[in-house]
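A.B. asks: Model the structure of this input:
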Amino acid sequence: MLYNERQTRILQQIQDVLKSGGRVQPVVSESLCSALAYILQTSQQVLEELDLNMYEVSPQGKLNLIPAVTNCRKAVFGNCDLSELHCEVVASALRSSPSHLRELHLSDNKLSNASMSALCDGLKSPNCKLSSLRLYRCGLSEISCSALASALKSNPSHLTQLDLLGNEDLSDSGVSHLCDFLKSPDCRLQILTLYHCGLSEISCSALASALKSNPSHLTDLSLSYNRLSDSGVSHLCGFLKSPDCRLQILTLRNCGLTEVSCSSLVSALKSNPSHLTKLELDNNSLSDSGVSHLCGFLERSDCRLKTLTVRECGLTEISCSSLASALKSNPSHLTELELCCNRVSDSGVSHLCGFLEWPDCRLRTLRCTRCCFRGTKSHYKEAEEPHAAPEPRVADSRLKALKSNPSSHLIELDLKSNKLSVSDVEELLDLRHSRLERL
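C.D. replies: Have a look, this model is predicted:
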């Protein structure tokens, strides 16, 4: 009993020193880190989180803390220059009985094939109960992806999140290996991030085929910044229209898509509309005709979409008119809309305000950064043509819309980098008396 109390006291003292940023002790020694690692390892209490970057110590001091991974539930070892030896220590923690580790973040470490092979020895252990594995920007190769897929197939039922963002060398062949894991009937993966992994339409075909074999668990799929093209999305839609598909979040930013992809997506989502709640299509050449296709889905009563982002998609006021009309038909679900970096102009905003006035509108966030608003145009016209009727300004429309709907749910309004006059801003500031929290 006395030993446990003393151990707890020493542990607190050492952690206080390490977190002090050098204020308690000018130099935090690497040996002190080793002492802390030992105490954490042998403590009867399992540490909730071990984040090496929260300690103000040298790089080697951080590495000396790694053995404590055997007695923690979440390990964050990002950007720590991990070696094969360190991966073996982590693997040992995954193999231990019982294994406490549930979340493992190794991002921003250059992991060689040998390092990944060592890690995979732990992942395939039946004692491993890891639920979240984040390996973004780890320089993984196709060979590493093959080893990872093989390990996860050996022990597939616990992992629910896999993040491989920024591993540009994975390529289609790497994802092909990963699909062997995804199609396993025991795979329970819910979140898969393959952002910026050097993929093409070939990966979409492989993913769709694998996910159709085991469709009911995945809820969040990110394929942004891969050159998937319209044909890739067409393959993916084979999965989306599956009646067992439960996908809630689909992220396809900067994937080389056009209005053709919008048509394919809408066709698939109409077949299975009730699960998707977030759709991100930023930085694609969708154009107004693409948004027109999307509106065919948005206006359906069984559409449950809450977030739609179409930033920098070549849209004009025509898209705003289409969106406003569709959302009036089904106004109660969408809570976040992003239209930044599109030339929607003042008239486009006026169309959107027609939706904001709608009593059933539930929109909470509207982002229109760099949308070519010309809030001062009416002042210029009055100066040039004193007897001409002034055109409505952005602020006028916005105030009218929100005052017409006193039960407005809007809490965030982003109008950065638009040409608003001082009087526009003054009138917009009146919205502070509404529910707005960010303007």
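A.B. asks: can you list the domain ranges for the chain.
C.D. replies: Domains of the chain are assigned by automatic domain parsing as 1-73, 257-439.
A.B. asks: For these, which has the smallest mean pLDDT value?
C.D. replies: Of all those, mean pLDDT reaches its minimum on domain 1-73 (a mean of 74).
A.B. asks: ok, now which ones touch residue 321?
C.D. replies: Residue 321 is in contact with 348, 351, counting by CB atoms under 8 Å, 6 or more residues apart in numbering. C-beta here means a position set from N, CA and C on the backbone, and glycine is covered the same way.
A.B. asks: And what about it, helix, strand or coil?
C.D. replies: helix (DSSP: H, G, I helix; E, B strand; the rest coil).
A.B. asks: Can you show me the strands along the chain?
C.D. replies: Along the chain, counting by DSSP state E, strands occupy 47-51, 72-76, 103-105, 132-134, 161-163, 191-193, 220-222, 249-251, 278-280, 307-309, 336-338, 365-367, 412-414.
A.B. asks: Can you lay out the ones you listed as TSV showing mean neighbour count?
C.D. replies: As requested, the strands of the chain are exported to TSV (neighbours: other CB atoms under 10 Å):
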stretch	mean neighbour count
strand 47-51	15
strand 72-76	19
strand 103-105	20
strand 132-134	18
strand 161-163	18
strand 191-193	19
strand 220-222	20
strand 249-251	19
strand 278-280	18
strand 307-309	19
strand 336-338	18
strand 365-367	19
strand 412-414	17
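A.B. asks: do you know which of the ones you listed lies nearest residue 349?
C.D. replies: Closest to residue 349 of the strands of the chain is strand 365-367 (CB to CB; 9.6 Å).
A.B. asks: Okay, residue 69 and residue 40: tell me how far apart.
C.D. replies: 9 Å (CB to CB, to the nearest Å).
A.B. asks: quick one: which of these two has more around it?
C.D. replies: Between residue 69 and residue 40, counted using other CB atoms under 10 Å, residue 69 has the larger neighbour count: 27 against 22.
A.B. asks: I figured the more buried one was touching residue 87, is that so?
C.D. replies: No. Residue 69 is beyond contact range of residue 87, at 10.8 Å (criterion: CB atoms under 8 Å).
A.B. asks: Poorly predicted segments of the stretch 151-300 of the chain, please.
C.D. replies: Applying pLDDT under 70 to the stretch 151-300 of the chain flags no residue at all.
A.B. asks: got a list of what residue 228 touches?
C.D. replies: 199, 200, 201, 203, 204, 236, 252, 255, 256, 257.
A.B. asks: If we use 7 Å, what do you get?
C.D. replies: Residue 228 makes contacts with 199, 200, 201, 204, 255, 256, as judged by CB atoms under 7 Å, 6 or more residues apart in numbering.
A.B. asks: Tell me the spacing between it and residue 257.
C.D. replies: Computed as CB to CB, the residue 228 to residue 257 distance reads 7 Å.
A.B. asks: I'd like to know how far the spatially closest residue to residue 143 that is not a sequence neighbour sits from residue 138.
C.D. replies: Leaving out its chain neighbours, the residue that sits closest to residue 143 by CB to CB, 6 or more residues apart in numbering is residue 113, at 4.9 Å. According to CB to CB, residue 113 stands 11 Å off from residue 138.
A.B. asks: which one of these two has more residues nearby?
C.D. replies: A direct count of neighbours by other CB under 10 Å for residue 113 and residue 138 places residue 138 higher, at 23 against 15.
A.B. asks: hmm, back to that, can I get the contacts of residue 228 in TSV including distance to residue 211 and neighbour count?
C.D. replies: Shown next, in TSV, are these (distance: CB to CB, whole Å; neighbours: other CB atoms under 10 Å):
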residue	distance to residue 211	neighbour count
199	15	25
200	17	17
201	15	21
204	10	26
255	17	24
256	21	18
